[in-house]
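**Q** 3D, please:
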Amino acid sequence: MNISHVELRHLRLLAAVADSGGLTAAAERLHLTQSAVSHQLKGLEDALGLPLVERAARPVGLTAAGRRLLALAHATLPQVEAALRDLAKLKDGEAGELRVAVECHTCYDWLMPAMDAYRDVWPAVELDLVGGFQADPLALLSERRADLVVTSDGVSRPGLTLLPLFGYEMLALLPPGHALEKKKLLLPADFAGQTLITYPVPEARLDFVRRVLAPAGVKLARREAELTVAILQLVASRRGVAALPAWAVAPYLERGYVLARRIGPQGLWAELYAAVRADDAARAYVADFVETVRRESFARLPGIRPLALHQVAAVPR
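**A** I've put the predicted structure just below:
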């Protein structure tokens with residue numbers, strides 16, 4: 001056995017397997033193919049002469065040897081990341097300004113913890129939120145009124161760089177006892193005659209309308225509310241139906257406050273990106289903010305999935 005065969009990529013792989021519970025999910029998390037992950041893992045197991053993963057288990061588990069290397073990963077990877085961050089600060093400086101604009105009404109719940117974690121390691125960066133509704137959030141970047149925009153608009157624009165954050169499922173929300181309650185999934189025609197309760201944003205920015213209802217020619221009456229809890233209260237009071245991110249409504253579903261159903265056979269999946277000016281994308285404090293958001297999101301949010309690093313256009317699923 002030669003411990004020199006253990007590299008940082010192997011430690012990251014084991015951490016991803018442990019966090020995600022499977023090789024396929026770990027591959028997505030690491031932006032690798034499943035065959036590449038399997039090849040790396042088999043090569044390490046052969047070099048060490050020990051199995052590291054219990055492949056037959058569901059979710060996939062680690063053997064005693066795998067758990068020992070996972071402990072090494074947990075001890076080592078944060079130190080490596082901290083050292084690389086310190087080197088980046090020596091190269092690019094520790095200070096800067098990062099004004100963040102958020103397109104998504106439900107993003108603040110997970111963005112705040114990420115910002116808190118970021119402040120701990122970049123205390124000299126002036127971190128601020130750009131408030132208020134923006135008809136065209138990405139225009140804030142070219143107008144230099146924001147430095148990073150959290151957006152679901154995955155279409156690249158000249159002068160901007162899109163950095164994938166994560167994908168998430170949108171669920172249809174119904175009151176208990178609704179006529180559609182017995183259906184396991186809902187199709188566009190099922191929503192005919194319903195009132196759709198949404199945030200006060202144009203229909204062109206509502207994935208549920210743009211990608212589900214409009215192509216099927218289904219037009220619903222709309223009622224607007226600014227807060228997630230207000231939308232859920234209206235749904236629970238039988239004033240209409242809604243479509244919201246699964247992670248935003250999980251606590252209410254657990255209490256049976258409202259019911260959730262999948263939209264379409266494959267579900268309605270949306271995507272979030274961090275958009276920055278192209279000349280800012282390589283700045284260390286910008287790149288680390290994006291990585292912090294990804295890390296904190298996957299640690300806190302249920303049901304999200306990685307987006308490929310090369311993915312720059314929202315693709316209906």
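**Q** now the stretch 201-317 of the chain, which segments are flagged as low pLDDT?
**A** The stretch 201-317 of the chain contains residues with pLDDT under 70 at 308-317.
**Q** which residue ranges form the strands in it?
**A** Ranges of strands within the stretch 201-317 of the chain are 221-224, 242-245, 259-263, 268-277, 304-305, based on DSSP state E, counting those that start in this stretch.
**Q** hey, which of those is tucked in deepest?
**A** strand 242-245 (a mean of 25; mean count of other C-beta atoms under 10 Å). To be clear about C-beta, it is placed using only N, CA and C from the backbone, and glycine gets the same treatment.
**Q** other SSEs contacting that strand?
**A** Strand 242-245 sits against strand 160-174, strand 195-198, helix 228-236, with contacts defined as 3 or more C-beta pairs under 8 Å, 6 or more residues apart in numbering; DSSP states H and E.
**Q** and that strand, how far out from the chain's middle?
**A** Counting by C-alpha atoms, centre = their mean, to the nearest Å, strand 242-245 is centred 15 Å from the centre of its parent chain.
**Q** That strand: partners in the sheet, and parallel or antiparallel?
**A** strand 160-174 (antiparallel) (DSSP bridges).
**Q** Distance from the chain centre to the following helix or strand past the partner strand, please.
**A** Of the helices and strands lying after strand 160-174 in sequence (DSSP states H and E), the nearest is strand 185-186. Strand 185-186 has its C-alpha centroid displaced from the chain centroid by 23 Å (C-alpha atoms, centre = their mean).
**Q** And stretch 23-40, by the same measure?
**A** 18 Å.
**Q** quick revisit: could you say which of the helices and strands packed on strand 242-245 is packed most deeply?
**A** strand 160-174 (a mean of 22).
**Q** quick one, what contacts the spatially most central residue of the chain?
**A** Nearest to the mean C-alpha position of the chain, by C-alpha atoms, centre = their mean, lies residue 166 at 2.8 Å. Neighbour list for residue 166: 271-272, 294, 297-298, 301, 304-307 [criterion: C-beta atoms under 8 Å, 6 or more residues apart in numbering].
**Q** Residue 197 versus that one, what's the distance?
**A** 25 Å (C-beta to C-beta, to the nearest Å).
**Q** same check, this time on residue 217
**A** Distance from residue 217 to residue 197, by C-beta to C-beta: 21 Å.
**Q** Over to residue 269?
**A** 21 Å.
**Q** Residue 112 now?
**A** Distance from residue 112 to residue 197, by C-beta to C-beta: 25 Å.
**Q** Ok, residue 49 next?
**A** 59 Å.
**Q** Please convert the strands of the stretch 201-317 of the chain to TSV, extending it with distance to residue 7.
**A** Shown next, in TSV, are these (distance: least, C-beta to C-beta, whole Å):
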stretch	distance to residue 7
strand 221-224	52
strand 242-245	36
strand 259-263	40
strand 268-277	28
strand 304-305	26
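**Q** which one of the ones you listed lies closest to residue 101?
**A** With distances scored as C-beta to C-beta, the stretch of the strands of the stretch 201-317 of the chain nearest to residue 101 is strand 268-277 (9.1 Å).
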